[in-house]
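Engineer: Give me a 3D structure for the following:
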Amino acid sequence: MQERILTLHPEGKKGVNILRSKYDQIAGTILEIVREYEEIAFQDINDKTIQKLTGKLDGSIPWYVVSVKLDLEARGILERIPGTSPHKLRLKTHS
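Structural biologist: Okay, the predicted model is just below:
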């Protein structure tokens with residue numbers, strides 16, 4: 001049986017249960033993109049992740065991007081940049 005992960009949500013809502021391998025693939029791609037651009041709109045993260053993973057990942061890539069992005073926010077790895085519309089994200093700096 002393949003390992004699964006229950007994602008977290010930044011507002012404390014119920015997360016989703018997904019395969020660890022898919023989580024790791026999506027999270028790695030999102031973090032790679034954010035590191036490259038430093039600040040990036042969510043839609044751009046979604047578009048670039050689709051470009052990179054189409055044909056390499058079964059299922060709805062946009063659905064996984066939303067679920068994993070929310071988890072990365074809840075874990076304090078990514079943060080929404082206040083006052084941006086549409087919302088932009090960056091790596092969270094730990095002080």
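Engineer: contacting residues for the spatially most central residue of the chain?
Structural biologist: By CA atoms, centre = their mean, the chain has its centre lying nearest to K69, at 2.5 Å. Shown in contact with K69 (CB atoms under 8 Å, 6 or more residues apart in numbering): I30, F42, I45, L78, L89. For the C-beta atoms, the positions are set from N, CA and C on the backbone; glycine is no exception.
Engineer: Let's verify it: helix, strand, or coil?
Structural biologist: Under DSSP: H, G, I helix; E, B strand; the rest coil, K69 falls in the helix class.
Engineer: before we move on, which element is D47 in?
Structural biologist: helix 42-53 (DSSP states H and E).
Engineer: would you put the C-alpha positions of that helix in CSV?
Structural biologist: Extracted in CSV, the C-alpha atoms of helix 42-53 (Å, rounded to 0.1, in the frame of the first residue of the first chain):
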residue,chain,number,x,y,z
PHE,A,42,-0.9,31.8,-7.9
GLN,A,43,-2.2,31.5,-11.5
ASP,A,44,1.4,31.6,-12.8
ILE,A,45,2.4,28.8,-10.3
ASN,A,46,-0.6,26.8,-11.5
ASP,A,47,0.2,27.3,-15.2
LYS,A,48,3.9,26.5,-14.8
THR,A,49,3.2,23.4,-12.8
ILE,A,50,0.8,22.2,-15.5
GLN,A,51,3.5,22.8,-18.1
LYS,A,52,6.1,20.9,-16.1
LEU,A,53,4.0,17.9,-15.0
